[in-house]
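> only the shape, not the letters, is given here:
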Ligand SMILES: NC(=O)c1ccc[n+]([C@@H]2O[C@H](COP(=O)([O-])OP(=O)(O)OC[C@H]3O[C@@H](n4cnc5c(N)ncnc54)[C@H](OP(=O)(O)O)[C@@H]3O)[C@@H](O)[C@H]2O)c1
C-alpha cells in the first residue's frame, strides 16, 4: 500500500476533518503525527486514535513555533494543513478589518508558514496538501473574506507545485461539512445552507478525508484542487 509506514503530519489533526484524515492515514498503515496549539485536544484525540499516532504542539501563527516544530519532526513524507480560522461573515461594507486580517493571518498565512518550513524536510517523493473551501468559487453575500482567503490558498498551492517539484502540492476544497448526520438539532444556519447542495445533505468529515488520502498516495497528481462539496460549486 502506498502509505504503509509513511510518516504523515496532520496540522489541525485533533478535531474535525483533520482528525478524520489522521484516522484514515493510520488505517492505511502510516505513522501519523497530529499537531495543533491545544495540548488538551491533542491528548484527547490521541486517546481516540490509538496506537501508531503521536502528537506535538505547533502554532501556525508563530514563525518560530513552526520552524522549531519541523526541526523536531525531521524528514517526513506527507503534510496536511487543516487549520481553521474564525470566519467573518459580515458584508464587505460592514466588515471589521481586524477580524478580516485575523482570519487571513490564521488560514492563509498559517498555511504559508507551514508550507515554507515543511518544504525543507519533506522527502522529494512526498507531498503537501493545503485546505481551501468551496467559497473560493462561489459569490455569496457575506463571504468575501472567506472566498478571497480560499482563492489565495489555491493560487499559492498551484505555484508551489511548480516551484517545489518533485514534491507534489495539492489542495482539498471542502463544501459544507458536519460530522453529525443531518438532524433537527443542527444549527439553523447549516440547515438553511443545505438547500444549495445538489446532494441535499452536509458532507461528513470522513468523506472529505478521503481526498487527502488520495492526494498523498497518487504520485502523478500535483497542482490540483480536489473539490468535495456535494455539488455546491456546480
Ligand atoms: N467544516 C466545514 O464546513 C468546512 C467547509 C469548508 C472548508 N473548511 C475548511 O476545512 C478546514 C478544517 O475545518 P474543520 O471544520 O475540520 O475545523 P476544526 O474542527 O475547527 O479544526 C481546526 C483545527 O485547526 C487547529 N488550529 C487552529 N488554529 C491553529 C493554529 N494557529 N496553529 C495550529 N493549529 C491551529 C485547531 O486546533 P487548536 O485549537 O488546538 O490549535 C483545530 O484542531 C478549515 O481550513 C476550514 O476552513 C471547513
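Cool, got the structure. Just so it is clear, the structure is predicted and the values come from calculations on it, not from any experiment.
> look through the chain and state the residue closest to the ligand.
Residue nearest to the ligand within the chain: residue 16 (2.2 Å; Cβ to the nearest ligand atom). C-beta coordinates here come from the backbone N, C-alpha and C atoms, glycine included.
> can I assume that residue is in contact with residue 204?
No - using Cβ atoms under 8 Å, residue 16 is not in contact with residue 204; the gap is 10.9 Å.
> contact partners for the residue minimising distance to the centre of the chain?
The centre of the chain sits closest to residue 82, judged by Cα atoms, centre = their mean, with a distance of 2.4 Å. Residues near residue 82 by Cβ atoms under 8 Å, 6 or more residues apart in numbering: 10-13, 16-18, 21, 131, 212.
> how about those in a markdown table, adding secondary structure, neighbour count and pLDDT?
Formatted as a markdown table, these follow (DSSP: H, G, I helix; E, B strand; the rest coil; neighbours: other Cβ atoms under 10 Å; pLDDT from 0 to 100):
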| residue | secondary structure | neighbour count | pLDDT |
| --- | --- | --- | --- |
| 10 | strand | 31 | 98 |
| 11 | strand | 25 | 98 |
| 12 | coil | 26 | 98 |
| 13 | coil | 31 | 98 |
| 16 | helix | 18 | 96 |
| 17 | helix | 28 | 97 |
| 18 | helix | 27 | 98 |
| 21 | helix | 31 | 98 |
| 131 | strand | 26 | 98 |
| 212 | helix | 28 | 98 |
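> how much space between the residue of the chain positioned farthest from its centre and residue 119?
In the chain, counting by Cα atoms, centre = their mean, residue 93 sits farthest out from the average C-alpha position, at 28.8 Å. From residue 93 across to residue 119, the span is 39 Å (Cβ to Cβ, to the nearest Å).
> pLDDT value on residue 101, please?
pLDDT for residue 101: 95.
> so it is in which element?
helix 97-118 (DSSP states H and E).
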